[in-house]
Structure formats: C-alpha cells, structure tokens
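Give me a model of this one.
(4 chains)
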Number of protein chains: 2
Amino acid sequence: MDQERPVKLSDISKALNLSVSTVSRALKDSHEIGEETKKIVQSYAARVNYRPNLIAQSLKEMNTRYIAIIVPEISNSFFAEVVNGVEFVANNQGYHVVIYQTHDSTEREINIIRDVARRKADGLLLSPSTNQKEVKEVMKSIGAKLPVVYFDRVPSDNYCHKVVCDNYQAAFDATTWLIKLGKRRIAHMAGPSGISISIERLAGYSAALLNAGISVDPNLIRYSNFLAREAWDNLRDLEEKFQPDAYFASSDRLSFYCYEAVQKLPEPRALEVKIVGFTNAPFAHLLRPKLSAIVQPAFDMGKIAAEMLLNTITKKNKDIEYGFIKLPAVLKNTE
Amino acid sequence: MDQERPVKLSDISKALNLSVSTVSRALKDSHEIGEETKKIVQSYAARVNYRPNLIAQSLKEMNTRYIAIIVPEISNSFFAEVVNGVEFVANNQGYHVVIYQTHDSTEREINIIRDVARRKADGLLLSPSTNQKEVKEVMKSIGAKLPVVYFDRVPSDNYCHKVVCDNYQAAFDATTWLIKLGKRRIAHMAGPSGISISIERLAGYSAALLNAGISVDPNLIRYSNFLAREAWDNLRDLEEKFQPDAYFASSDRLSFYCYEAVQKLPEPRALEVKIVGFTNAPFAHLLRPKLSAIVQPAFDMGKIAAEMLLNTITKKNKDIEYGFIKLPAVLKNTE
DNA sequence: TTAATTTACGCAAACGATTGCGTAAAATGG
DNA sequence: CCATTTTACGCAATCGTTTGCGTAAATTAA
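The predicted structure follows:
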C-alpha cells in the first residue's frame, strides 16, 4: 500500500522477474510487449502505486512538460487573471504552469529567469520589470532553447512573441472621456518611464489632450516606480501645486493610490475630482464615488500568450514566425 | 558568448583536456583539485557561461532545492501575502518557491499534489480545498518523503505541522463587536462546511451570540461553497425571509459578496446593515459605507510555515516533532 | 635512499527513466 | 521440413551530474 520510498521501475522489474526495459515499455503499452505481460505489469504497477520520477524522465527526454510564468505581483488582479488564462490553455495540453513573482526587483527577476532556464522549463511567459535591453541579454546568456512569449510589458523590437492590450487606444479613450466630462487639468500618474506600457499609455493620454485642443502640461505627468512612497509624494505635490480636476492612473496600484488620496481631500473636491485608471480588481465597482476602470482582457491575454508559447514549443519546423497580438481594453464604471 | 546549446561539464572537460569529475570538483572548489587547475576551470566556465543542469543535479542529489505552495486562488490577497512570507524565508535559505492554484477544485488539487511529489519538490505548503481525509490519503499514496506544512485550512488531528490564525477568537471578537453595536439578527455567511476554518469561525460566532444571551438561529447560518451562485442565492434568500441587521462573512470573497448585496438594498437598510468579514484585501478600507475587516497576519503565517517546513527538510534527526502555531487576527475598519 | 604519505587527478558507477539494437523462441510461408 | 519473418523480451547506452575509489607522481619522513 503506502511504501516508505517511491517505487521505481527496477522495483517492479525485480518483483516480476522482468527487465527494466520491458517494464518501461509495458507501462507505455508498447506493441513490443506481449498482452499477457502488459496486464501483469500494469496491474502490479497500479497496486504498488508506481509514479514515474519526473526528474529522471525530464533528464532523459530533455523536456519537462511545464511552462513558467513570471509576473511582478500575483496579488495584482490583472496578473492573476492572466495566470488563469495561461493555466486554462496549458493544462488542457498537459502542461503544468509554475508561477514566479519578482516584486518588481530586477535582481529577483534575473535570478528567476536563470533558474527557470536551468530547471529546463519548456517555455517562459514574461512581463519584465527589468529594462528590455538587460532582459534580452539575460535571455541570451542562458544558452538558447528557452522559448519566450512576452505579455503586457514587452520589448519594442519585432524579434519576439508579444501579447498586449491596446494601451494607446485605451488611454486615449479614457482621457477623452474625462475631457467630455469637462475636465481640463488632467493629471497622469504614469508607471516607470521606459517600459512599453508607460510609453504607450502616455502617448494615448497626450494624443487625446491634443486632439481636444488641450496642451500637454509636463507638470501634470508624474512617473512612479513601484514604491508606494513615490506615488504618494507625487500625489501630494500635484494637489499642493496644481489641483488637477481629474487623474488618469496607469496601473492597478496607482489607481487605488489616486483614489485614496483624492478621498482624503476636503469635501467639495473629493467628490468633484474624477479618477480613471487601469485596474482589473474585481471589486473596483463597489467604490463610491466611482473609480472608473480601464479593464484589460487579462484572461484572454493569458490564453493567447500560452497558445503562442505552446505552439512554438511543439513546432517541428524551426522557422520562427514571431507573433504580435493586440487586444482591446474596455472602459467601465463610467455610470 | 551566447552558445546555441547550454554548455555542460563534458564540454568544459574536452576543451581543457580534463576529466569530467575534475571539472565538477574544480567548480565546487574541492580541496582535491590543484589551485592552478581550479583557476583555469573556473575562469573558463565563467567565460562560456556554464550553468549546471538542475535536472541532472536533482536526479543525482535526490533533492531539488525548491518548495511548492498550493493555494486555492492567488488573487486572494490573503494567500498572496502568505506566499510573500514564504518566499521571504525560502529565498533567504536558497530555496525557490513555486506556486500552484487549485481554484478550489479537488481534482486539480490532487493532480497538483501528485505532480509536486513526482517532481520531487523538497517540501509542500498546503491549504487544502479538499476534505482532510482524502488529502491525507493522497499524501500517503505518493510514497512518503514529502514534508508538508498545512496552513489556514488544516487537518484536525495532531500528526502534522500546522499554522493558522485564531479563527475562533477572531470570529468571537467580530461577532461581539456587532452585538455591541446593537445588532441582534446577525447572519453568518460560512465557507464550505467541514473544513477547519469554517468550523472554528462558526464556533466563535455562536459562542459570542450565546455569551450575549442571543440564541443561535440556524436560518441565519449559510454555507457557501466556492461558486458565486451559491453565495448570491443564500444572500437573496436571507434578505427575503429574515432581513439580518448584520453579516459576518467567513472569507474574502464572501465579504465582498455580502457588501455588494447589501449595497444594492433600498436606501435605509443599505446603510444600516453592518458587515464584518475576513479579508486581507489591501483596499478594503476605501469602501463607504465601511466594510469592517478581520485581517489575518498572512505574511507572518507564510514566514512561520516556511520556517517549519525548511526545518523539517533540513532536519538530520528523524524524530518528528509536530508544530502547531496559532496567530491572532485583528479587527479593522471599525471606525 | 627507501618507505610512507599526500597531492591531484581519472575511472566508473550511480540517480531513474527511455530506447536502439540484438536475439532467442515462436509463428509463418512455401 | 527448412527458411524467413514476427513476437517478446533483455542488454546496454544515454541524459548531465556527483562521488567513492584507485593510482601515478610528488612530497615528506626516517
């Protein structure tokens, strides 16, 4: 029944007076093994609860049947949904998904990428916190053969697989919506400068302003890295000096920081200042006054990214055809 | 520089005209190798970017230097924080953490446990969705030698490592607080019956009522599994038939469902009905009216669970000393 | 100077599974 | 009845590391 030590092929082979290779083949229903023998081996294996050692299998087969996904933070609903999409596809194809988080630390990110490579994951889904040049370098240094699909935050070149949402359009729409509400001094709480999503969202924001004949005021654009501290300083400074009449926030966390900061303002302003931000938080719609949300199709992004990855993994022909998918985001809670 | 195929020991050994074993030992700074040779090997390995194949290493060493954590849902802030605590400790000790989610599916959970065992994770942190008898059976069937620490949802017996928060006391305090506010018809939205947290939280709730001379009304106690549907049906039914003047919700999700359901009620009641629930959601305090929150020390729970696990992994002596840690939860947003 | 020891390395087995190839015995063909 | 094919299995190499043991050469001891 329950053995002290996992049973292996050689245990079975000894018990049944067969060779290890016969047992191995019998268990995979090889035609080279007699029906009788197969039955015996299979039923015995079932009885003693034999489970192949995946480490050994992986070493021999040179694949591991799992893919890794590296995200900044699993508690971020956007990434959690992406992961769910990835799992949905991967599990259907017999792959396991292992999740790593970087907490937006470059050091951690690089360590994890190296580890994933050394553990021979069959593929990697990556939304890098680290700047793209460095990431690409790391990817090169690990000795190839690790297929990668980038999502959300992606390199700018076209020599890689990418899945994103239409950040430009979403930012444009959200900003335009604020303008239609009569807002003019719209602040933009941007993510770290230099990464793709920040650039595109800023571009959409700027285009919407210009499109409405409003000039882009650099004072109203604030970059925050991943520290709460920075965001709060930016918000306080904005309120003291410029009193924006609306905020457009570029990430989940920034959206909520904005919201909290605004709610702390004295009465009239607290209700007048509009906030729209990227967020997939499932309970954002419960907030009063409303937090308007740009919701990304996270689950689908995960599904598509996983499909692209698994395609390149199982692809026989080596001709790389890089994919670039862009999905629309939607604006919600606009009453 | 960047090679087409990861370089292995034998590549180095050929290039330097040394045996594989010498190279291996040189790289781990063995005293059996001459200083001169070590320098040569090490610098060459660095130049060609040698990284040991962890699959091969694991097979030989019979350990993998990583631990697995299986949670119902990573987007649940409580579990996300636990994971962070686990990572904090594990990474400090040179272990990687891989995260799996079950989505509260027994089938997935069992599959994952089996997979973790077959991949030879060095240990497992588990908050099982599945009933304890079945889980324990699965744990047995995988052929021992997989140390486990349970957290949050734990088996009732004392023959395992456990880390929990004081669910009974937290539920007692929360319910007592509602009573002090003058509430008398306090509904309890409980999680799936049969698992530890549901039982303890229900017990705390009941004790608080009895302690205040209020009889426990079974009509006000509703069990919901993991489907949103069930929770909503329960809430609608409660409102139609019993109009509770307060809700005590047993989980993150239930807390928000309650909150949303109550906010949808007609004006006077929507503001009068109090809600207190277990949640670690970082933005729960932004809700108006307030959602009072029982916040668990999730990060610490993760840290402690990981420490317990790593202790039993590295323990030389085989005498199992089962640990059982219980931490206090705190009541927040009570104005 | 000779024996004992140390140094510095190589050989080969092992971890657990897979698989190409070889080969008895059985089955088939003519 | 003999030659050929098929069936059913075993042997041994392999995946990339690690490590016990063996052994020449170098060093030390006496």
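
A:I294 and DNA strand D: what is the separation?
46 Å (C-beta to the nearest atom of the strand, to the nearest Å). In this view, the C-beta of every residue, glycine as well, is placed from N, C-alpha and C.

Hmm, A:A281 and that residue touching each other?
No. If you go by C-beta atoms under 8 Å, A:I294 and A:A281 don't touch, sitting 11.6 Å apart.

Which one's more surrounded, the two?
Remark: of A:I294 and A:A281, A:I294 carries more neighbours, 26 against 23, as counted by other C-beta atoms under 10 Å in any protein chain shown.

burial measure for whatever residue of the stretch 201-335 of chain A ends up closest to DNA strand D, as a count.
When distances are taken as C-beta to the nearest atom of the strand, the stretch 201-335 of chain A reaches nearest to DNA strand D at A:I313, 17.8 Å away. Residues near A:I313, counting by other C-beta under 10 Å, number 17.

who are the neighbours in contact with it?
Taking C-beta atoms under 8 Å, 6 or more residues apart in numbering or on different chains, we find A:I313 in contact with A:67, A:122-123, A:147.

can you give me the helices in chain A?
Here chain A has its helices, by DSSP state H, at A:9-16, A:20-27, A:35-47, A:54-61, A:77-92, A:106-118, A:132-141, A:167-180, A:196-211, A:228-241, A:252-263, A:267-272, A:298-314.

Which one, of these, ends up nearest to B:S193?
Across the helices of chain A, B:S193 has its closest neighbour in helix A:77-92 (26.6 Å, C-beta to C-beta).

Does chain B have contacts with that closest one?
Yes. Using C-beta under 8 Å from any C-beta of the partner chain, we find that helix A:77-92 touches chain B at A:77, A:80-81, A:83-84, A:87.

Would you mind putting the CA coordinates of that helix into PDB?
Taking C-alpha atoms only, helix A:77-92 is exported to PDB below (Å, rounded to 0.1, in the frame of the first residue of the first chain):
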ATOM      1  CA  SER A  77      -5.700  41.100 -10.300                       C
ATOM      2  CA  PHE A  78      -4.500  41.700 -13.800                       C
ATOM      3  CA  PHE A  79      -1.700  39.200 -13.500                       C
ATOM      4  CA  ALA A  80      -3.800  36.800 -11.500                       C
ATOM      5  CA  GLU A  81      -6.300  36.700 -14.400                       C
ATOM      6  CA  VAL A  82      -3.500  36.300 -17.000                       C
ATOM      7  CA  VAL A  83      -2.200  33.300 -15.000                       C
ATOM      8  CA  ASN A  84      -5.700  31.800 -15.000                       C
ATOM      9  CA  GLY A  85      -5.800  32.100 -18.800                       C
ATOM     10  CA  VAL A  86      -2.400  30.500 -19.100                       C
ATOM     11  CA  GLU A  87      -3.400  27.700 -16.900                       C
ATOM     12  CA  PHE A  88      -6.600  27.100 -18.800                       C
ATOM     13  CA  VAL A  89      -4.700  26.500 -22.000                       C
ATOM     14  CA  ALA A  90      -1.600  24.800 -20.700                       C
ATOM     15  CA  ASN A  91      -3.500  22.300 -18.500                       C
ATOM     16  CA  ASN A  92      -5.600  21.300 -21.500                       C
END
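
ok so, going back, which pLDDT value belongs to the residue of the stretch 201-335 of chain A closest to DNA strand D?
Reported pLDDT at A:I313 in the predicted model: 93.

same thing with A:P6?
At A:P6, the predicted lDDT confidence score is 90.

Count the residues that sit near it.
A:P6 has 20 nearby residues by other C-beta under 10 Å.

Would you mind stating the distance between A:C258 and A:R222?
With the distance defined as C-beta to C-beta, to the nearest Å, A:C258 ends up 10 Å from A:R222.

now do A:E307
To A:R222, A:E307 is 37 Å away according to C-beta to C-beta.

try A:R108
Distance of A:R108 to A:R222, computed by C-beta to C-beta: 26 Å.

A:V276: what's it in contact with?
A:174, A:177-178, A:246-249, A:291-294, A:331.

If we use 7 Å, what do you get?
Going by C-beta atoms under 7 Å, 6 or more residues apart in numbering or on different chains, A:V276 touches A:174, A:177-178, A:248, A:292, A:294.

Surely A:L291 touches A:Y259?
Yes. Applying C-beta atoms under 7 Å, one finds A:L291 in contact with A:Y259, separated by 5.0 Å.

Looking at A:C258 and A:R222, which one has more neighbours?
Higher neighbour count among A:C258 and A:R222: A:C258, with 26 against 20, using other C-beta under 10 Å.

Surely the more buried one and A:F248 touch.
No. With contact defined as C-beta under 7 Å, A:C258 does not count as touching A:F248 (8.8 Å).

Between the two, which contacts overlap?
With C-beta under 7 Å, 6+ apart as the test, A:C258 and A:F248 both reach A:G277.

Just the endpoints, please. Distance across stretch A:49-59?
22 Å (C-alpha to C-alpha, to the nearest Å).

got any residues that touch both of A:C258 and A:R222?
With C-beta under 7 Å, 6+ apart, A:C258 and A:R222 have common neighbours A:M189.

Report whether the helix or strand of chain A with the lowest mean pLDDT contacts chain B.
When the helices and strands of chain A are compared on mean pLDDT, DSSP states H and E, helix A:132-141 comes out lowest with a mean of 86. Yes. Residues of helix A:132-141 contacting chain B under C-beta under 7 Å from any C-beta of the partner chain: A:140-141.

now that helix: how far from the chain's centre is it?
18 Å (C-alpha atoms, centre = their mean, to the nearest Å).

Residue numbers of the stretch 201-335 of chain A in contact with DNA strand D?
Contact residues, the stretch 201-335 of chain A versus DNA strand D (C-beta under 7 Å from any atom of the strand): none.

got any ranges where the stretch 201-335 of chain A has weak pLDDT?
Scanning the stretch 201-335 of chain A for pLDDT under 70 picks out A:316-319.

In TSV: the contacts of A:V276, plus distance to B:A170.
Output for the contacts of A:V276, formatted as TSV (distance: C-beta to C-beta, whole Å):
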residue	distance to B:A170
A:A174	40
A:W177	42
A:L178	42
A:F248	39
A:S292	35
A:I294	36
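
ok, which of these also contact DNA strand C?
Residues of these in contact with DNA strand C (C-beta under 7 Å from any atom of the strand): none.
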